[in-house]
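1. Here is a sequence with its predicted model. Questions after.
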Amino acid sequence: MLCNHGVGFTAKRDDMLFVKLISNWLKLISIGVLMSVMLWVTACTSPTVIISHPEPVPQPSNTIASQTQLTTIPFTIQVGAFTTTERAARYALGLQQQGVDAYYFIDTDGLFKVRFERFKNKAAARRRALELQTLGRIGDFYIIQPALAKRQINPRTSLQMKIVQTAHRFVGTAYRWGGASSSRGFDCSGLTMTVYRLNGLELPRNSRSQFKTGAHIQKSALQKGDLVFFATDGRGRVSHVGIYTGQSQFIHAPGRGKRIRTSSLSNGYYKKRYMGARRYF
């Protein structure tokens, strides 16, 4: 009796377990179907979002170098030989008005000459010069390689000295950027840009852009060829620039009615308005 009763109880329990298994299985199927429908609806009503993982952008190994690297000028074209600033300035301005990036300078022989544009190789420079010569815009020309040769034992020191030597050639000159009109006065950033270009470096045109480009240099760490900046317009922002020549001295175009000169950083006027220094090589 007990044995028979026990068997019957076991059979009922197995039936109940079977029923529960079937019920759970049906529930799982229902949930699966429901989820499939929801995914299908979502796919039809919402845009597909693709998450991509772009390759990391490589960072420069030397951040300062990447910020201060100036474009070099391998070759350029030189024209003209004038005895006065005004004539050279007029010639440069005439080329500018024809879309040529020209600037004038004082050469080592004391004559004022004009250079324009920059080229990767001598052949490209010659093609451009012949084109302008055919159009009657220039006469005789020279292809110049302004950058220092890479074989220099100490290129940094050599470049520093070249920049200072070039700047000294302008001292005493009524330098005017791009024109002979005295109303335009001096252009300090035009002077620094020209000096750098003559030494194969493409410096930005205005003083604020030059200030943003170079590496910050402490006043105590100044070296020859660095640029020094000042706020001279009464607005507390960079508006003037000069070329440091050592011994707390710098060469600059001080303003309208004044010639290019050497001044001192310890001078009360410039000391009060000093904004900082930048280095580009």
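-> Looks like it came in fine. Residues are numbered from 1 along each chain as shown.
2. shaky segments in the stretch 151-281 of the chain?
-> Within the stretch 151-281 of the chain, the stretches with pLDDT under 70 are 151-153, 177-186, 257.
3. residue ranges of the strands in the stretch 1-150 of the chain, please?
-> In the stretch 1-150 of the chain, the segments counted as strands under DSSP state E, counting those that start in this stretch are 71-72, 75-82, 102-106, 112-119, 141-144.
4. Can you show me the helices along the stretch 1-150 of the chain?
-> 2-45, 63-68, 85-96, 122-134 (DSSP state H, counting those that start in this stretch).
5. These: lowest mean pLDDT?
-> Ranked by mean pLDDT, those bottom out at helix 63-68, with a mean of 42.
6. what's the most buried one of the strands of the stretch 1-150 of the chain?
-> Ranked by mean neighbour count, the strands of the stretch 1-150 of the chain are led by strand 102-106 with a mean of 23 (mean count of other Cβ atoms under 10 Å). C-beta here means a position set from N, CA and C on the backbone, and glycine is covered the same way.
7. That one vs strand 112-119, what angle?
-> Relative orientation of strand 102-106 and strand 112-119, computed by axes from the mean of the first three to the mean of the last three Cα atoms, to 10 degrees: 140 degrees.
8. Sheet partners, orientation included, of strand 102-106?
-> strand 112-119 (antiparallel) (DSSP bridges).
9. Name the surrounding residues that touch the strand it pairs with.
-> 71, 73-85, 87-88, 91-92, 95, 100-107, 125, 128, 144, 146, 197-198, 202 (Cβ atoms under 8 Å, 6 or more residues apart in numbering).
10. at 6 Å what do you get?
-> With contacts defined as Cβ atoms under 6 Å, 6 or more residues apart in numbering, strand 112-119 is touched by 73, 75-82, 85, 88, 91-92, 95, 100-102, 104, 106-107, 125.
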